[in-house]
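*Asks:* structure here, sequence nowhere to be found:
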């Protein structure tokens, strides 16, 4: 019997395109995260070419060393795709036709009006000792084996199909094993505009009383954001969830205002969008140094046309003056990267579009254009909103990096987080930046 | 003696963050490409944790199987970083202090005003049998070994430092080996706005007379672009380059108008930017369905403020009417996703900003908002330019996919490629789209 709580896995990514470097192996990282959420540790990833001997020896050795092995790739209908026949050879079984898969593929072709050729029926041939992982996201089924006291999942390499099978099929196989042995429950809390060390050392402090063999916490930082991953183990789902609850409650109490979401795959721009819809507000952007990235990030969200009225990318001073009502005298006196210009841009774009909220950026993105007074990375972000008689209007100054693209990205996250905090009535700004008024 | 023309390599990526999935292994893909340009085939990539026994056995076995092994990761100054001591143990040698590295690290700390602690001198300790690959991009030196009739390069995992050492140090080590054995020369031709199969089957046709053991060609497709990689082998640099020249000349003759660049790392927006500078022209964007992505892509290029005057993101109709002079009657009659609106937006933004060129997009990005007449993926792109009395003003209609982000990306590439072709006086549009006039 496998011990689910200490299950070890190896991944095998099959395909020449991965070795040549034409494709980046994002599957392995995604699967690493996914299995980790189950408390399964990935100890090795093998990336190998479509070569029979290599596939055989790697699968055999990995299965002997671990509790779970997952291969991706080489399941297509062409001659290069040899994973299936190789696995059958390894286990010394024949390929047999699976009627259910055959009918499914035939129906699929019919519904798409594509003629079904005999070579397509190849997709329905599977090794005799496998259990089918039915794939509604494509034509190649996944396969599940139990050999050498180890589980083996054989999945397609197309990320969309792999993810479908991991979420729908492999996960329930793993849960079957977990039954009665242990249950893993994972939650995420996503924060923005606060540094990892500030969050950990000053806000949350010593968490050792909450952490033990059953409850663990990880900090996952990315550009301007930190995600907290909290994992609980228990003999039942309720026990695992229950064990997390005290810690989550404590984190929410201490750091609630920094948390914008608890869904792993949701983004800050999605959160801001939801709040704008709930509060029936609209937004517009006036971007200089971010050059359209804020508008682009906001409009990546489906349905954003309901609250994004539009934006202006004001690289030239004449656009700032003519479109956004920036005072020419202020541009002359203080320069384009300055508090008065950021303030006027934010208010200007709100007036121009009739939006409730205007957000602006002006800065030295780099690599050129820095001065001693305004080095590369200097950014002003302006915020304006009006609701009835209540007007909020301020700007903040930040200093980021020497890297142009990092500066654009960071400015965008901070700007969106400012909008989120104002919409949530939170006084403290990202990174404790100071509000400067007109 | 190693045979450079058939050299085989294995890569070993060391680090728990890669297995958990917190970091995607982009290093391996980059190195795969890089080595391929030298004609070196990567046969395996191993991703393993920072564990002594595993590092030892994987390095030993890989070296026994190949001509070149490269490890990345585990060279930092903390206790987790065990690659260096493990390699020394594997080769049964002592760590010795390298004075040159020590002085370099001391100087670096001094110039940054950071106190130098004894633990920092750890960076200067290296296995006695290695040659130093001096790392000016960081503090951990790379190391070069020759053992088991194989070369081993031990590099830091930070992508920036790894790339520095591969380009500056490992490449010259490889060239030393190549001396007198063989030389590999690689060139790239980058195209946009033409499908891979059209380019290969109809434009270039049968290339077999050019291809042989010394000359090879690969098609590398990505979003709306296809890069041609042409590799030549010879006993000298001149011979390798010479062997490519006939094929490259032929491709340029047949497909010249689709080629926007011959530098592997240059982008289409960089090319458009260079042409605008050369022709002393300026550009402005009027974006609806792309929501700022075109402006964002143009302004990712350093120095783009010289030719990007600005842009308008016109999600709402009122912004289209008030800022871009779109006729309200046309919005009513034809809808926002229509030829007259695309035409008026392009001209409107050029007038508004005073730019020479205006480019516009309006479409159904999806996933919602499609109709039978205008399904998701329907996009109109407008172009306007004026030079003296010569006015160019047209729109094109395209149908892309059901995916919102793919549609934004594709529209952006096609729009930029339209600008490049007009600036190059090429009549044919991307994907042979048809110019429609007012």
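*Replies:* Yep, that arrived. Please read all numbers here as calculations on a predicted model, not as lab measurements.

*Asks:* residue A:402: neighbour count?
*Replies:* Residue A:402 has 12 neighbours, counted by other C-beta atoms under 10 Å in any protein chain shown. Glycine gets a C-beta too; all of them are placed from N, C-alpha and C.

*Asks:* excluding its backbone neighbours, what's nearest it?
*Replies:* Among residues not flanking residue A:402 along the chain, residue A:376 sits closest, at 5.3 Å (C-beta to C-beta, 6 or more residues apart in numbering or on different chains).

*Asks:* OK, contacts around the nearest residue to residue A:291 once chain neighbours are set aside?
*Replies:* In this structure, residue A:291 finds its nearest non-sequential neighbour in residue B:299, 2.8 Å apart by C-beta to C-beta, 6+ apart. If a contact means C-beta atoms under 8 Å, 6 or more residues apart in numbering or on different chains, then residue B:299 has A:291-292, A:313, A:315, A:365, A:408, B:305, B:308 as its contacts.

*Asks:* burial check on the residue nearest to residue A:402, number of neighbours?
*Replies:* Residues contacting residue A:376 under the criterion other C-beta under 10 Å number 20.

*Asks:* same deal with the one 4 residues further on?
*Replies:* Residues lying near residue A:380 (other C-beta under 10 Å) number 27.

*Asks:* swap in residue A:228?
*Replies:* When neighbours are counted by other C-beta under 10 Å, residue A:228 registers 24.

*Asks:* how about low-confidence regions in chain A?
*Replies:* A:1-6, A:79, A:178-182 (pLDDT under 70).

*Asks:* gap between the residue nearest the centre of it and residue B:375?
*Replies:* The centre of chain A sits closest to residue A:265, judged by C-alpha atoms, centre = their mean, with a distance of 5.1 Å. Noted for residue A:265: a distance of 27 Å to residue B:375, by C-beta to C-beta, to the nearest Å.

*Asks:* do residue A:120 as well
*Replies:* 27 Å.

*Asks:* how about residue A:370?
*Replies:* 48 Å.

*Asks:* what's the answer for residue A:238, then?
*Replies:* According to C-beta to C-beta, residue A:238 and residue B:375 sit 47 Å apart.

*Asks:* and the residue of chain A most remote from its centre, helix, strand or coil?
*Replies:* Most distant from the centre of chain A: residue A:329, at 44.1 Å, with distances by C-alpha atoms, centre = their mean. Classification of residue A:329 using DSSP: H, G, I helix; E, B strand; the rest coil returns helix.

*Asks:* strands of the stretch 51-200 of chain A, start to end?
*Replies:* Assigned by DSSP state E, counting those that start in this stretch, the strands in the stretch 51-200 of chain A fall at A:68-72, A:95-97, A:125-127, A:131-133, A:142-147, A:150-155, A:183-192.

*Asks:* tell me how many other residues crowd residue A:139.
*Replies:* 19.

*Asks:* for residue A:55, which non-adjacent residue is spatially closest?
*Replies:* Nearest one to residue A:55, counting by C-beta to C-beta, 6+ apart, is residue A:86 at 4.7 Å.

*Asks:* for stretch A:224-241, measure first residue to last.
*Replies:* One end of stretch A:224-241 to the other measures 29 Å (C-alpha to C-alpha, to the nearest Å).

*Asks:* ok now that stretch, how far from the chain's centre?
*Replies:* Computed by C-alpha atoms, centre = their mean, to the nearest Å, the chain-centroid distance of stretch A:224-241 equals 18 Å.

*Asks:* got a list of what the residue nearest to residue A:402 touches?
*Replies:* Going by C-beta under 8 Å, 6+ apart, residue A:376 touches A:364-370, A:402, A:407.

*Asks:* which one (most neighbours) among these?
*Replies:* Most neighbours among those, by other C-beta under 10 Å: residue A:365, with 30 neighbours.

*Asks:* so which of residue A:120 and residue B:375 has more stuff around it?
*Replies:* Taking other C-beta under 10 Å, residue A:120 and residue B:375 do not tie; residue A:120 has more neighbours (17 against 13).

*Asks:* which ones are touching that one?
*Replies:* A:77, A:105, A:109, A:139.

*Asks:* now these as a markdown table including distance to residue B:437?
*Replies:* Converted to a markdown table, the contacts of residue A:120 look like this (distance: C-beta to C-beta, whole Å):
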| residue | distance to residue B:437 |
| --- | --- |
| A:77 | 45 |
| A:105 | 47 |
| A:109 | 42 |
| A:139 | 44 |
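
*Asks:* looking at those, which one is closest to residue A:68?
*Replies:* Closest approach to residue A:68 among the contacts of residue A:120 (C-beta to C-beta): residue A:139, at 25.2 Å.

*Asks:* that closest one reaches residue A:108, doesn't it?
*Replies:* Yes - the criterion here is C-beta atoms under 8 Å, and residue A:139 meets it with residue A:108 at 6.6 Å.

*Asks:* measure residue A:129 to residue A:75 for me?
*Replies:* From residue A:129 across to residue A:75, the span is 17 Å (C-beta to C-beta).

*Asks:* okay, these two: which has more neighbours?
*Replies:* Applying other C-beta under 10 Å to residue A:129 and residue A:75 shows that residue A:75 carries more neighbours, namely 25 against 16.

*Asks:* in what helix or strand does residue A:221 lie?
*Replies:* Per DSSP states H and E: residue A:221 is located in strand A:215-222.

*Asks:* remind me what the helix or strand following that strand packs against, helices and strands.
*Replies:* Going down the chain from strand A:215-222, the next helix or strand is strand A:225-234, by DSSP H and E. Applying 3 or more C-beta pairs under 8 Å, 6 or more residues apart in numbering or on different chains; DSSP states H and E, one finds that strand A:225-234 contacts strand A:183-192, strand A:215-222, helix A:237-255.
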